[in-house]
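[1] Give me a model of this one.
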Amino acid sequence: RVLDSSVQPAEDGLNTSVMSGLPVFMHTQLHEPAVSFNNSSKYLGSHNDAVLGKTDIGLYMSIYTNLSDPKLDPSDITGAEIILALADQLDNKYGDASAKLSYSVHPVDSTLSSSRAYTTDNDRLHNAAALVGSATEVAESIVNKRTIIKIPLDAAYAQTMLNDLNGQSFANYIGKHKGFYIRAGADGKEGVIYKCNLQDSISGLYLHYKKKESAETGTFQFGFSGTGTARFNTVKYDPATAVPSLKGQLAGDSTQGSQNVFLKGMGILQARVYIPFLRNYGDTFNIAVNRAEVILNVDALTGGNTYAVPRSLALLPVADNGGISLADDQLNATDNLRYDGKYDAQNNRYVFNIARHAQAILKGERKNNGFRLVVAESDGVTTLFLRDIFIQRVVLAGHNTNLKPVFNLSYSKIK
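    Here you go, the predicted model:
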């Protein structure tokens with residue numbers, strides 16, 4: 001006879017049910033300082049955001065030459081500068097592209113290690129009282145079709161660096177000249193934060209000289225990339241001029257998250273997220289989760305086209321010890337594709353599918369400790385570590401708005 005559903009016992013049928021619009025509650029918190037990794041793309045700048053407040057990004061970097069014993073005949077310095085090439089990307093500026101920033105250069109007085117993990121709150125490795133370079137300019141100088149930041153160095157300091165090129169080993173040389181720390185200021189204006197490419201052949205420290213005996217002129221260049229070089233960012237965030245809702249949440253009033261929640265990259269702002277529904281629904285009967293969507297809508301306060309939003313967010317479960325962990329949906333490449341977290345420009349939102357993680361909670365295999373929402377890659381391989389690759393920010397709608405965050409659950413009841 002025909003083999004169809006009539007031969008299957010009715011109680012074995014899998015009927016999918018959907019529960020939509022379940023509440024999600026969020027509020028903003030300060031993010032713990034992030035690790036700034038030793039990669040070639042680093043930020044530098046100062047930005048006054050009318051919504052989030054002020055962010056200053058500083059830059060530590062050591063110098064490099066492939067010469068084992070750099071040597072130069074006695075010479076007089078004729079000029080010196082640090083040049084930083086901007087990254088050749090569309091997102092290499094965040095803020096007012098025409099902004100004029102003031103830069104200050106300080107010598108590093110602690111050896112920078114390429115094997116050490118530095119956090120973005122570590123700004124204690126330079127001599128703040130020694131100013132060896134300064135400039136106030138717009139990053140618009142073009143060299144070989146590259147936009148650069150150019151900061152002149154003090155002639156006396158540069159002469160010292162030149163004099164020490166006497167044939168000693170480079171290891172001994174950087175024992176004395178350990179590197180530089182650069183700070184930037186926006187002088188009360190909007191300002192801008194740049195993404196720099198320290199591996200670009202143009203990026204480096206330039207010492208221009210004239211030899212004393214022959215009057216021959218030349219330039220000695222140190223790079224900011226190579227074996228043993230260290231580069232990392234520092235972050236100073238000040239919410240004093242932020243909107244009242246954000247300042248209230250940072251002061252501990254989580255109820256102000258009902259209107260807006262604020263996220264900022266570089267380990268500045270994160271959100272605490274709660275989905276109460278997951279707490280006890282699985283106690284009633286067994287279910288198999290088909291899809292568990294968390295939908296987060298972007299609010300107009302984000303600034304329209306003025307500020308690009310992060311291309312990705314990560315929704316990370318809070319562990320039993322209060323730290324963070326990966327969702328079960330981030331543990332392999334196939335599940336990670338369904339997990340999503342990428343910005344949906346068409347609908348102006350972020351969507352996460354935490355089906356496996358929701359299933360684990362409903363089965364009692366994991367506790368519902370809530371989540372932390374951070375600006376990071378959603379890929380489980382990098383999301384726990386790389387927090388310093390995004391400078392963007394985004395404002396999300398809170399639970400007391402028309403664009404409130406929601407949790408949608410699609411499931412089947414099972415015996």
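[2] Quick check: which ranges of the protein have low pLDDT?
    Along the chain, segments meeting pLDDT under 70 span 1-14, 280-285, 303-305, 415.
[3] who does the host helix or strand of Lys236 touch, helix- and strand-wise?
    If you go by DSSP states H and E, Lys236 is part of strand 231-238. Packed against strand 231-238 by the contact rule (3 or more CB pairs under 8 Å, 6 or more residues apart in numbering; DSSP states H and E) you find strand 35-36, strand 41-49, strand 53-61. Placement of C-beta: from N, CA and C, glycine included.
[4] ok, residues contacting it?
    30, 33-34, 36-40, 42-44, 53-62, 118, 120-123, 181, 198, 224-225, 264, 266-269, 388 (CB atoms under 8 Å, 6 or more residues apart in numbering).
[5] returning to that earlier point: let's have the helices and strands packed on strand 231-238 in JSON lines, adding distance to Pro107.
    Shown next, in JSON lines, are those (distance: least, CB to CB, whole Å):
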{"stretch": "strand 35-36", "distance to Pro107": "20"}
{"stretch": "strand 41-49", "distance to Pro107": "17"}
{"stretch": "strand 53-61", "distance to Pro107": "11"}
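[6] Show me which positions of stretch 327-334 end up buried.
    Buried residues in stretch 327-334, defined by neighbour count with 16 or more other CB atoms under 10 Å: 327-330.
[7] Pull the most distant pair out of these.
    Asp328 and Gln330 (7.4 Å; CB to CB).
[8] coming back round to it: out of the helices and strands packed on strand 231-238, nearest to Val374?
    Shortest distance between Val374 and those, using CB to CB, is found for strand 35-36: 13.1 Å.
[9] Please tell me how far Ala345 sits from Ala314.
    18 Å (CB to CB, to the nearest Å).
[10] of these two, who's got more company?
    Neighbour totals were compared for Ala345 and Ala314, and Ala314 leads with 28 against 10 (other CB atoms under 10 Å).
[11] Run through the bridge partners of the more buried one.
    Val374 (DSSP bridges).
[12] quick one: the helices in the stretch 251-400 of the chain?
    Per DSSP state H, counting those that start in this stretch, the stretch 251-400 of the chain carries helices over the ranges 333-339, 355-362.
[13] Quick one: list the elements packing against the shortest one.
    Yep, that's helix 333-339 we're talking about. strand 349-353.
[14] a markdown table for the helices and strands packed on strand 231-238, including mean neighbour count?
    What follows is the helices and strands packed on strand 231-238, written out as a markdown table (neighbours: other CB atoms under 10 Å):
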| stretch | mean neighbour count |
| --- | --- |
| strand 35-36 | 21 |
| strand 41-49 | 24 |
| strand 53-61 | 24 |
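[15] quick one: Arg372 and Gly267 touch, right?
    No: Arg372 is not in contact with Gly267 according to CB atoms under 8 Å; the separation is 11.9 Å.
[16] more crowded one of these two?
    Counted by other CB under 10 Å, Arg372 and Gly267 do not tie: Gly267 has more neighbours, with 25 against 19.
[17] For the nearest residue to that one once chain neighbours are set aside, give me its contacts.
    Among residues not flanking Gly267 along the chain, Ala34 sits closest, at 2.8 Å (CB to CB, 6 or more residues apart in numbering). With contact set as CB under 8 Å, 6+ apart, Ala34 has these partners: 119-120, 235, 266-267, 387-388.
[18] tell me which element Ala85 falls in.
    Assigned by DSSP H and E, Ala85 belongs to strand 75-86.
[19] Now do the helix or strand that that strand is followed by: distance to the chain's middle.
    Next helix or strand after strand 75-86 toward the C-terminus (DSSP H and E): strand 93-95. With CA atoms, centre = their mean, to the nearest Å as the basis, strand 93-95 stands 14 Å off its chain's centre.
[20] what residues does strand 93-95 touch?
    Applying CB under 8 Å, 6+ apart, the external contacts of strand 93-95 come out as 45, 47, 86, 139, 190-195, 307-308, 391-392.
[21] Now the helix or strand encompassing Met19: buried residues?
    Assigned by DSSP H and E, Met19 belongs to strand 16-23. For strand 16-23, burial by neighbour count (16+ other CB under 10 Å) applies to Leu22.
[22] Can you tell me which helices and strands it packs against?
    For strand 16-23, the packing partners by 3+ CB pairs under 8 Å, 6+ apart come out as strand 406-413.
[23] and with 10 Å instead?
    When contacts are defined as 3 or more CB pairs under 10 Å, 6 or more residues apart in numbering; DSSP states H and E, strand 16-23 sits against strand 287-297, strand 406-413.
[24] and for Arg372 and Gly267, which residues touch both?
    Applying CB atoms under 10 Å, 6 or more residues apart in numbering, one finds that Arg372 and Gly267 are jointly contacted by His31.
[25] Next, give phi and psi for Leu162.
    phi -70, psi -40 (degrees, to the nearest 10).
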